[in-house]
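> A structural model of the following input is requested.
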Amino acid sequence: MQEFVDSQSLRNGIFDLLVSVDIATEQNIQLLDYTIDLFNKNGLSSDYYGYHNIDHELEVTYVTLMSAINSFKNKKFELDDVKYLFASALLHDFDPRKAVDRPHEKSVIDFINSDEKIQHLLEDAKIDSKIICALISRTVYPWVGEVKTITETEIKNYLISSSHTRGNTEKQDHFMNLGHFLSVSDRVGGYALGDFSKAMEMAKMNAHASGWHPALIVRRAVSFFEDMLNNESNMCEQVLNGIPKHMRKNFLDNIVSFMKLRQEEIQIYNKSTYEGLKLVPTIEKNTDNEHLVESLLEIYKELPKPLQFTRKDFVESIHDKDTILNTLRIQNSHGEIIGFAKGGPLEQYNFSTDLDDENYGKHNTIFLEPIAIKNGYWGFHGGREIRQLFLMQGQSRGFTYMTSFAMRDVIQYRINHEDGIEFVKKFDPERWDYYRVTF
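Sure thing, here's the model as predicted:
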């Protein structure tokens, strides 16, 4: 269950928070609505499948603002601090020219400094854009090593050049602390605003944005949360104490759920490595089996929603005579299903984007949907085996080509190591590209 259903309800929640401390000024509301408009116009609305879309921006703004208001009421922050945190959270990830989903803080800052309307709104609200740049710079992650050293210098330069903090080390330290508050709020964000299904979807989107293999999603999520709780415990406590009890519970429950999944992954790894667990690719011919369909549907639901190409008619597509279906089973061809590869003639699919595929309509191409494998079973080469089995079946049915989507780096790796593979169309910033295999 999610706290908010869409960006409009998030926007209204932020507005109510601004009203609650009497800072719902004309400039702040214009900044809020202008930022939402910028995201939508630049293809970064709720429909954009990337972690850093308008929903993430507003979720972080909502959590940051709510917690900051609590710190203000407890006399840890001034009202001006709340204003600065609101503006910096709202703008912290907007990079309209990004080549990949993960924003680059310097590009975000360059955009803020070059956008005249944002500059005017900040100036009218008596918010120093140099301090906004300092706070946003602090959201770089991970905050370690050379990145930390370089960014600390950049933040100090912003604070030294600001008339608000120049020559006042106490104020500079205070805004450095506010930047840390924003950084933790950024990472708490949406994980406090919903149950584990939302948290898992966010983790998958983040993995997609970062180009990670699905096998890394859970382990990196656990590492991400443990780092925050162990190494930033005081700031994490301040942020969490500023949000309602049910949101704190959401956040901590989600961490526990990721840890449980990680334990399951380790158990599966042990079985595979030391107990002879076999993953068996199997051609499925009897698709009228109700248990088969139910098993496939449960695994299919684990895919990120934009990768569910037959979400509306999944069951019907399973029964379609033109569908090629291979499953990945445990131990033998009758064992538990833990993954599958599915696809059919290219013309049966309605894509939301123009693929520029010259073969569309020629009935010579089989399309492979994104492979679906249960959490915990990625990384054992089962996906590759059912993909190869799908290729063989496509060829045996007389198709000349197979097309599908994959991360750019994965496609490039296959091009370098296999024959007959080419990019058809590249998509930025997602880097989730459309490619072709010639049989």
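
> Break the protein down into its structural domains.
Listed by automatic domain parsing, the domain ranges of the chain are 7-263, 279-438.

> Quote the end-to-end distance of the last one.
When you say that, I think you mean domain 279-438. 27 Å (C-alpha to C-alpha, to the nearest Å).

> next one: stretch 239-253
From start residue to end residue, stretch 239-253 stretches across 16 Å - C-alpha to C-alpha.

> List the contacts of it.
Applying C-beta atoms under 8 Å, 6 or more residues apart in numbering, the contact partners of stretch 239-253 are 3, 63, 66-71, 181, 184-185, 188, 191-196. Yep, even glycine has a C-beta here, placed from its N, CA and C like the rest.

> buried ones in it?
Of the residues in stretch 239-253, 239-240, 242-243, 247-248, 250-251 count as buried by neighbour count, 16 or more other C-beta atoms under 10 Å.

> Neighbours of residue 184, how many?
Residue 184 has 23 neighbours, counted by other C-beta atoms under 10 Å.

> buried set for the longest helix along the chain?
For the chain, the longest helix by residue count, based on DSSP state H, is helix 245-274. Within helix 245-274, the residues that count as buried by 16+ other C-beta under 10 Å are 247-248, 250-251, 254-255, 257-258, 261-262, 265, 268-269, 272.

> So, low pLDDT: which residues of this structure?
1, 43-52, 95-104, 209 (pLDDT under 70).

> Where do the strands of it begin and end?
279-283, 324-330, 337-345, 365-368, 372-373, 401-407, 421-425, 432-438 (DSSP state E).

> Could I get those in TSV, plus columns for distance to residue 413 and mean neighbour count?
Formatted as TSV, these follow (distance: least, C-beta to C-beta, whole Å; neighbours: other C-beta atoms under 10 Å):
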stretch	distance to residue 413	mean neighbour count
strand 279-283	21	18
strand 324-330	21	23
strand 337-345	19	23
strand 365-368	17	24
strand 372-373	19	23
strand 401-407	9	21
strand 421-425	10	15
strand 432-438	11	20
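
> out of those strands, which comes closest to residue 207?
strand 401-407 (9.9 Å; C-beta to C-beta).

> Which elements pack onto that closest one?
On a contact count with 3 or more C-beta pairs under 8 Å, 6 or more residues apart in numbering; DSSP states H and E, strand 401-407 meets strand 365-368, helix 382-396, strand 432-438.

> most packed of the domains of the chain?
domain 7-263 (a mean of 18; mean count of other C-beta atoms under 10 Å).

> Can you get me the start-to-end distance on it?
For domain 7-263, the end-to-end distance is 35 Å (C-alpha to C-alpha).

> Make 42 the first number, not 1, from now on.
Right, with 42 as the first residue, what we last looked at is domain 48-304.

> Outside of stretch 158-167 itself, list whatever touches it.
Under C-beta under 8 Å, 6+ apart, the answer for stretch 158-167 is 66, 68-69, 71-72, 75, 124, 128, 132, 153-154, 169-170, 173.

> Which two of those have the greatest separation?
66 and 154 (22.2 Å).

> In JSON lines, list the buried residues of stretch 280-294 along with distance to residue 198.
Listed next are those as JSON lines, based on distance: C-beta to C-beta, whole Å:
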{"residue": "280", "distance to residue 198": "26"}
{"residue": "281", "distance to residue 198": "31"}
{"residue": "283", "distance to residue 198": "30"}
{"residue": "284", "distance to residue 198": "33"}
{"residue": "288", "distance to residue 198": "36"}
{"residue": "289", "distance to residue 198": "36"}
{"residue": "291", "distance to residue 198": "38"}
{"residue": "292", "distance to residue 198": "34"}
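
> Among the residues you listed, give me the pair with the biggest separation.
283 and 291 (14.4 Å).

> could the strands of the chain go into a markdown table alongside distance to residue 341?
Listed next are those as a markdown table, based on distance: least, C-beta to C-beta, whole Å:
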| stretch | distance to residue 341 |
| --- | --- |
| strand 320-324 | 17 |
| strand 365-371 | 12 |
| strand 378-386 | 8 |
| strand 406-409 | 14 |
| strand 413-414 | 5 |
| strand 442-448 | 16 |
| strand 462-466 | 25 |
| strand 473-479 | 18 |
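
> so which of those gets nearest residue 59?
Across these, residue 59 has its closest neighbour in strand 473-479 (36.2 Å, C-beta to C-beta).

> Remind me what the closest one packs against, helices and strands.
On a contact count with 3+ C-beta pairs under 8 Å, 6+ apart, strand 473-479 meets strand 442-448, helix 449-458, strand 462-466.

> Just give me how far the longest one sits from the chain centre.
On the basis of C-alpha atoms, centre = their mean, to the nearest Å, helix 449-458 is displaced by 22 Å from the centre of the chain it belongs to.

> Can you show me the CA trace of it as CSV?
Output in CSV follows, covering the C-alpha atoms of helix 449-458 (Å, rounded to 0.1, in the frame of the first residue of the first chain):
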residue,chain,number,x,y,z
ARG,A,449,23.1,-1.5,-23.4
ASP,A,450,26.2,-2.9,-21.7
VAL,A,451,24.7,-6.4,-21.9
ILE,A,452,23.9,-6.1,-25.6
GLN,A,453,27.4,-4.7,-26.3
TYR,A,454,28.9,-7.6,-24.4
ARG,A,455,27.0,-10.1,-26.5
ILE,A,456,28.0,-8.3,-29.7
ASN,A,457,31.6,-8.6,-28.7
HIS,A,458,31.3,-12.3,-28.0
